[in-house]
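In: Okay, predicted coordinates and the sequence, questions at the end:
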Amino acid sequence: MKTSNLKTSYYVKSDFPQVFSGSMSKLEKTVEAEYMDMLRNSCHREKITKAKLFLKAKYSSNTQLRKKAADFSTESCQLLEQLPGQGRSEAEKQFRDFYQDWE
């Protein structure tokens with residue numbers, strides 16, 4: 001199944017429509033909130049990893065490590081940015097601008 005707002009996939013048992021008696025909109029909001037929390041947490045971890053790589057590259061003057069840091073994927077952050085109403089915050093813009101100088 002997919003939520004109606006963000007089209008987030010979630011899975012239920014085959015008899016779910018017959019046994020579920022709650023509010024579908026509340027369920028979908030919960031699914032979407034948990035999905036966005038998971039993306040935020042993953043994004044945060046990806047940013048920390050990328051920052052650590054940049055710092056190691058900076059202090060070791062390792063150009064290969066700098067390239068690895070520049071190429072390090074922050075896929076969760078990109079997915080989060082694509083969600084409606086989830087534009088980049090000012091802090092995220094500053095983070096990106098700060099590390100852009102090293103690329």
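Out: Thanks, I have it. Just so you know, these numbers come straight off a predicted model, no measurement behind them.
In: make it CA atoms for all contacts and neighbour counts henceforth
Out: Will do.
In: which residues of the protein fall in helices?
Out: For the chain, the helices defined by DSSP state H occupy 16-19, 24-60, 63-71, 75-82, 90-100.
In: closest to Asn5 out of those helices?
Out: Asn5 sits nearest to helix 24-60 of all the helices of the chain, at 8.3 Å, using Cα to Cα.
In: related to what we said a few turns ago, which stretch among the helices of the chain approaches Tyr10 most closely?
Out: With Cα to Cα as the criterion, Tyr10 lies closest to helix 24-60 of the helices of the chain, at 7.4 Å.
In: got a list of contacts for stretch 21-29?
Out: With contact meaning Cα atoms under 8 Å, 6 or more residues apart in numbering, stretch 21-29 is reached by 3-4.
In: switch to 7 Å and redo it
Out: With contact meaning Cα atoms under 7 Å, 6 or more residues apart in numbering, stretch 21-29 is reached by Thr3.
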